[in-house]
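Enquirer: How does the following fold in three dimensions:
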Amino acid sequence: MERPLHEALFQPIQLGAIEARNRILMAPLTRGRADAGMIPGAMIAEYYRQRAGAGLIISEATGITVEGSGWPAAPGAWSDAQTQGWKLSTEAVHREGGKIIMQLWHMGRLVHPDFLGGEAPVSASATTAPDHAHTPTGRKPHEQAREASKADIARIVGDYAHAAGIAKAAGFDGVQLHGANGYLVDQFLRSSSNLRTDEYGGSPENRTHFMREVLEGLVGVWGADRVSIRLSPNGETQGCDDTDPASIFGAAARVCEELKIGFVELRQPGPEGTFGRTDIPQQDSLIRSLYKGPLVLNSDYTAAEAAADVVSGRCDAISFGRPYISNPDLADRIRLGADWAPNVNVPKTWYLPGPEGYIDYPALEPVR
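Expert: Next up, the predicted model:
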């Protein structure tokens with residue numbers, strides 16, 4: 001009998017303590033649909049319910065505090081109202097037999113002072129991100145951050161743990177630390193944004209110190225097997241770069257292995273990727289050699305490319321991002337070998353308030 005198309009992607013996988021029914025993950029996607037107070041509402045719950053066929057959904061990046069949140073209408077995880085709002089999403093996904101984890105986000109120097117009552121954002125060092133920030137009143141140049149004090153670092157580590165507790169109370173299946181794409185954890189990791197001379201700066205091992213402390217805090221709430229991290233180890237992202245990426249991301253992988261976290265996801269941009277360059281070596285093989293848990297790659301994959309990398313052992317699962325915007329039933333489409341619906345009105349509808357371009361994409365018609 002002929003084997004189903006891309007069979008390797010439809011084998012179950014254990015991602016730490018999370019049993020995923022297939023190896024097609026939904027990558028985190030910022031969509032800007034939260035209600036006032038950064039509260040996720042019923043429309044967000046419907047969006048995730050529609051996509052519950054993924055083996056695991058990684059939620060959109062979720063701010064851990066006002067200080068770390070600099071994206072209009074992104075959701076948060078620090079209040080009782082946000083906890084109750086997120087319960088709508090977790091319950092909707094679980095009713096469909098899916099799994100969902102919360103991605104925890106602090107934007108660091110990428111938060112514009114407009115979000116902070118005019119105060120400077122916090123970062124590893126007093127640096128300024130390139131380009132512009134999205135603010136409620138339009139795009140504005142980033143402004144210089146202030147260097148985090150030791151007291152700031154301890155407080156922020158505690159904020160991450162508090163947000164992890166919110167995720168647990170809201171019914172998520174685990175949490176992921178956003179350590180990629182030039183946000184706060186990445187700002188501590190990379191030499192271009194971390195100019196510190198204390199135990200949080202200098203050597204690659206020192207620059208992983210903040211990441212380690214945050215992960216340890218998350219593990220204290222969830223246990224290591226329900227904690228994961230997203231890293232972007234290949235080239236410059238939003239102004240964060242490193243003179244020796246193999247050393248810093250090798251050190252980060254060793255921390256993940258020492259803590260035995262549930263899985264590691266790597267953002268590996270392809271030719272059409274949102275972040276990064278493609279003219280540099282990929283670091284996934286290095287990380288694979290150092291971190292022995294499940295490795296998930298995200299890199300503008302086609303179904304055939306995804307299956308090939310799983311079969312070859314390059315990774316254990318693939319996370320798909322933008323294809324899930326217009327294909328709520330992406331896993332079914334891959335299983336059936338069906339065409340993928342294109343994204344339309346891009347990128348306008350990615351962040352446009354309301355249901356258009358969000359929950360109005362149709363699924364495949366049932367086969368009769």
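Enquirer: What separation do you get for residue 12 and residue 23?
Expert: Distance, residue 12 to residue 23, using CB to CB, to the nearest Å: 8 Å. Any C-beta I mention is one placed from the backbone N, CA and C, and that applies to glycine too.
Enquirer: the more surrounded of the two?
Expert: The neighbour comparison of residue 12 against residue 23 (other CB atoms under 10 Å) goes to residue 23, with 27 against 10.
Enquirer: Let me see the contact set for the more buried one.
Expert: Shown in contact with residue 23 (CB atoms under 8 Å, 6 or more residues apart in numbering): 8, 9, 10, 11, 13, 55, 310, 316, 317, 318.
Enquirer: still on that earlier bit, could you name every residue contacting both of residue 12 and residue 23?
Expert: Both residue 12 and residue 23 are contacted by residue 55, under the criterion CB under 8 Å, 6+ apart.
Enquirer: Could you list the low-pLDDT ranges of the protein?
Expert: The chain contains residues with pLDDT under 70 at 1-5, 269-281, 366-368.
Enquirer: could you redo the last one with a cut-off of 90?
Expert: Under the criterion pLDDT under 90, the flagged ranges of the chain are 1-6, 134-138, 234-235, 268-285, 299-300, 343-349, 351-352, 365-368.
Enquirer: Which elements pack onto the biggest strand by length in it?
Expert: The strand that spans the most residues within the chain, counting by DSSP state E, is strand 56-63. Applying 3 or more CB pairs under 8 Å, 6 or more residues apart in numbering; DSSP states H and E, one finds that strand 56-63 contacts strand 24-26, strand 100-105.
Enquirer: May I see the buried residues of the helix or strand following it?
Expert: Downstream of strand 56-63, the first helix or strand assigned by DSSP states H and E is helix 80-95. Within helix 80-95, the residues scored as buried using 16 or more other CB atoms under 10 Å are 82, 83, 85, 86, 87, 88, 89, 90, 92, 93, 94.
Enquirer: Out of the residues you listed, which is nearest to residue 301?
Expert: Using CB to CB, residue 93 comes nearest to residue 301 of the buried residues of helix 80-95, at 22.5 Å.
Enquirer: Next up, the contacts around the closest one.
Expert: 48, 49, 52, 57, 99, 100.
Enquirer: any idea how far it is from residue 101?
Expert: For residue 93, the distance to residue 101 - CB to CB - is 10 Å.
Enquirer: any residues in contact with both of the two?
Expert: By CB under 8 Å, 6+ apart, residue 93 and residue 101 have these common neighbours: residue 57.
Enquirer: returning to what we had before: what subset of the contacts of residue 23 is buried?
Expert: Among those, those classed as buried by 16+ other CB under 10 Å are 8, 9, 10, 13, 55, 310, 316, 317, 318.
Enquirer: residues of stretch 146-158 that come out buried?
Expert: Using 16+ other CB under 10 Å as the test for burial, stretch 146-158 gives 147, 148, 153, 156, 157.
Enquirer: Of those residues, which belong to helices?
Expert: Among the buried residues of stretch 146-158, the members falling in helices (DSSP state H) are 153, 156, 157.
Enquirer: just so I have it, where are all the helices in the stretch 101-250 of the chain?
Expert: Counting by DSSP state H, counting those that start in this stretch, the stretch 101-250 of the chain has these helices, from start to end: 150-169, 184-189, 204-207, 209-222, 245-259.
Enquirer: Packing partners of the first one?
Expert: Put plainly, it is helix 150-169. In terms of contacts (3+ CB pairs under 8 Å, 6+ apart), helix 150-169 is packed against helix 80-95, strand 100-105, strand 175-178, helix 209-222.
Enquirer: Adding distance to residue 32 as columns, could you present the ones you listed in JSON lines?
Expert: Below are the helices and strands packed on helix 150-169 laid out as JSON lines (distance: least, CB to CB, whole Å):
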{"stretch": "helix 80-95", "distance to residue 32": "15"}
{"stretch": "strand 100-105", "distance to residue 32": "13"}
{"stretch": "strand 175-178", "distance to residue 32": "16"}
{"stretch": "helix 209-222", "distance to residue 32": "25"}
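Enquirer: Among those, which comes closest to residue 30?
Expert: Across the helices and strands packed on helix 150-169 (criterion: CB to CB), the nearest stretch is strand 100-105, sitting at 8.8 Å.
Enquirer: my guess is residue 167 contacts residue 86, does it?
Expert: Yes. Contact criterion CB atoms under 8 Å: residue 167 and residue 86 qualify, at 7.5 Å.
Enquirer: anything in contact with each of those two?
Expert: Jointly contacting residue 167 and residue 86 under the rule CB under 8 Å, 6+ apart are 77, 102.
Enquirer: This completes my enquiry, with thanks.
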